[in-house]
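K.L.:
This is a predicted model, with the sequence first.
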Amino acid sequence: MTDSIFEILENKKLARDVYCMRLSGDTSQITRPGQFVNIKIDGLFLRRPISVCDAGGNVLTLIYKVVGEGTRRMCEMRKGVKLSLLTGLGNGYDTSKSGDRPLLVGGGVGTPPLYLLAKKLVSEGKRPCAVIGFNTKDEVFLEKELKALGVPLTVACADGSYGEKGFVTDALPGDYTYFYACGPEPMLRALCDAAHTSGQLSFEERMGCGFGACMGCSCKTKYKNKRICKDGPVLEKEEIIW
């Protein structure tokens with residue numbers, strides 16, 4: 001974990017209430033897809049945890065949804081603003097278990113970490129496919145970017161306004177060797193019931209410190225209590241207690 005200063009290069013709207021922030025800074029502590037950063041926002045006591053969408057060289061890409069005061073302030077920030085970020089947080093996804101054709105499943109703003117994961121899997125010679133789900137057409141993002149990596153992609157919208165009508169579990173392919181997922185807990189639970197392989201799931205959880213000291217995000221697993229920020233946010237399907 002490192003506390004570093006990053007400078008905003010770009011902060012633009014992608015979809016309804018969803019923004020993409022690109023920053024310049026030291027990304028060397030981000031070593032796995034699925035890790036997150038914790039952003040200090042002036043005037044607010046707790047930092048805001050945001051999943052890493054992409055990282056390379058000295059450029060960090062974050063995609064976030066405006067859901068409260070912290071993210072509302074973030075969406076108003078402009079190019080040149082400097083922010084304090086804790087980087088290298090969380091365990092991230094383990095790609096060694098994926099097999100040749102892993103499935104990536106994202107729900108809403110659970111989709112961003114799957115972009116860096118897809119890049120890594122492709123670089124390892126794997127052939128990932130993806131299903132991403134949203135409520136409606138004007139919430140869809142990262143479709144073109146994932147397709148540009150050569151990843152076969154299905155978009156599902158609950159209201160049928162774009163792509164497949166229904167939830168991600170209605171659009172799962174039949175042929176995959178393993179799955180990786182990130183999204184709201186009801187989606188993750190439904191996916192575990194529907195999937196025919198093992199997999200890894202990234203959980204969204206309210207956090208205090210973000211690095212395991214406060215124990216505020218602890219959850220019970222089949223083996224022991226784990227801290228989502230430190231021992232997670234990625235857990236394996238077999239250890240989860242619903």
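P.N.:
Nice, I can see it. Numbers count the residues shown, from 1 in each chain.
K.L.:
quick one: average confidence on stretch 235-242?
P.N.:
Per-residue pLDDT over stretch 235-242 has a mean of 88.
K.L.:
and the particular helix or strand that has residue 114 in it, which residues are buried?
P.N.:
Following DSSP states H and E, one finds residue 114 within helix 112-123. By 16 or more other C-beta atoms under 10 Å, the buried positions in helix 112-123 come out as 112, 113, 114, 115, 116, 117, 118, 119, 120, 121. Bear in mind the C-beta positions are built from the backbone N, C-alpha and C, glycine included.
K.L.:
who touches that helix?
P.N.:
33-36, 51-55, 62-63, 93, 95, 98, 102, 104-106, 128, 130, 132, 142, 145-146, 149-151, 180, 182, 202 (C-beta atoms under 8 Å, 6 or more residues apart in numbering).
K.L.:
Average pLDDT for the helix or strand that that helix is followed by, rounded please.
P.N.:
Downstream of helix 112-123, the next assigned helix or strand under DSSP H and E is strand 129-134. Taken as a whole, strand 129-134 carries a mean pLDDT of 98.
K.L.:
Report all helices and strands that strand 129-134 contacts.
P.N.:
Judged by 3 or more C-beta pairs under 8 Å, 6 or more residues apart in numbering; DSSP states H and E, the packing partners of strand 129-134 are strand 102-107, helix 112-123, helix 143-148, strand 153-157.
K.L.:
Which strand runs longest in the protein?
P.N.:
Determined from DSSP state E, the single longest strand within the chain is strand 2-15.
K.L.:
residue at max distance from the center of this structure?
P.N.:
Farthest-out residue of the chain from its mean C-alpha position, per C-alpha atoms, centre = their mean: residue 43, at 26.0 Å.
K.L.:
Kindly confirm my reading that it is in a helix.
P.N.:
No. Secondary structure of residue 43 (DSSP: H, G, I helix; E, B strand; the rest coil): coil, not part of a helix.
K.L.:
Provide the backbone phi and psi angles at it.
P.N.:
phi 90, psi -10 (degrees, to the nearest 10).
K.L.:
Pop the domain breakdown of the protein in here.
P.N.:
2-89, 95-239 (automatic domain parsing).
K.L.:
Any idea which of those has the lowest pLDDT on average?
P.N.:
domain 95-239 (a mean of 90).
K.L.:
Start and end of that one, how far apart?
P.N.:
18 Å (C-alpha to C-alpha, to the nearest Å).
K.L.:
If you count neighbours, what's buried in the helix or strand where residue 180 lies?
P.N.:
For residue 180, the host element (DSSP H and E) is strand 178-182. If you call a residue buried by 16+ other C-beta under 10 Å, then strand 178-182 has these buried ones: 178, 179, 180, 181, 182.
K.L.:
And for stretch 121-135?
P.N.:
Residues of stretch 121-135 classed as buried by neighbour count (16+ other C-beta under 10 Å): 121, 126, 127, 128, 129, 130, 131, 132, 133, 134.
K.L.:
Fine by me, we can end here.
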